[in-house]
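Undergrad: Need coordinates for the below:
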Amino acid sequence: MPGKTKITAEQSDAIFASVLADEFEPAVVASSPKSRTQHQMDAAVSATYNLGADAMQWTWADLWRAGKVKEAAAYLGGHYNTAGGKKLPGLVRRRKEEAELFLNGRYASAGGAIKEAQPKPPKKADPVVKEAQEILTSKGFNPGAIDGWMGEKTRGAIIAYQKAHPHLEADGILGPATLSQLRRDAAAVKETVTKGAGSAIGSGALAFMSGLPWGWIAFGGAVLAAGYVAYRYRDVIVRRWNSWRGEEAKV
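TA: Model (predicted):
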């Protein structure tokens, strides 16, 4: 009901990351040069999120595919900023920021802040870096202590993770694209566990009530849950498979 639904900032971030990973990141990967950098990827995801996935078929993207990076940035920065036939200051600013990010890798509000290695630990742990460290650890990439410090150990773990995902630039920077992929990998594992367990419990209860063999029903429910999760996160699975084979993942 209106006014009754509440979500936390963490849930909001997770939903946002899922939307980007499900719709906009695949659209950019499918319609951009393989030579794209992470900051180009981030700028394009920001633009398509605002303009729609079809923006990857517009003039600025045609220029990008043709290898005319400066022209693509200039076109993006000077167009797609009107509504109702009028230029809107917010859209003008956003396109310029995306163009600057696309061409020079300078992050402003478009795409969010980036996290680079720091020689000294911060006075207060960075929650985003800490989240990334937790996910990296769970994936077998050792970032050192989970302390919210973007040190050299964490940078090395991020580079290793990026190399395992060919669509990311292995630059050791925790940018929006890398963070989004980390969160998506974490979500895939979490959903596999929760849906698998929930399906097994539910199937067991039905089996008990109907007198059927509990084990077989629970196994069947777990298989169905695993199949659902495999389909939902097929891009993650394909990317890992192709990374293992030394090929670029197609999503």
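Undergrad: Is it correct that G78 is in contact with R95?
TA: Yes - judged on C-beta atoms under 8 Å, G78 makes contact with R95 at a distance of 7.3 Å. All C-beta spots, glycine's among them, are computed from the backbone N, C-alpha and C.
Undergrad: Between the two, tell me which one has more neighbours.
TA: R95 (23 against 13; other C-beta atoms under 10 Å).
Undergrad: Give me the nearest residue to the more buried one, chain neighbours excluded.
TA: Take R95 and drop its neighbours on the chain: the residue closest to it by C-beta to C-beta, 6 or more residues apart in numbering is N81, 4.9 Å away.
Undergrad: who's in contact with that neighbour?
TA: 87-88, 91-92, 94-95 (C-beta atoms under 8 Å, 6 or more residues apart in numbering).
Undergrad: same deal with Q57?
TA: Going by C-beta under 8 Å, 6+ apart, Q57 touches S31.
Undergrad: centroid residue for the chain?
TA: S180 (2.5 Å; C-alpha atoms, centre = their mean).
Undergrad: State the mean pLDDT of the helix or strand containing it.
TA: Taking DSSP states H and E as the criterion, S180 maps to helix 176-210. What helix 176-210 shows for mean pLDDT is 64.
Undergrad: Does A125 belong to a helix, a strand or coil?
TA: When the structure is reduced to helix, strand and coil (DSSP: H, G, I helix; E, B strand; the rest coil), A125 reads as coil.
Undergrad: Would you mark the buried spots in stretch 60-72?
TA: 60-61, 63-64, 69, 72 (16 or more other C-beta atoms under 10 Å).
Undergrad: repeat for stretch 15-33
TA: Neighbour-count burial for stretch 15-33 [16+ other C-beta under 10 Å]: 17, 20-21, 24-29, 31-32.
Undergrad: Likewise for stretch 156-171?
TA: Neighbour counts over stretch 156-171 (16+ other C-beta under 10 Å) mark 156-162, 164-171 as buried.
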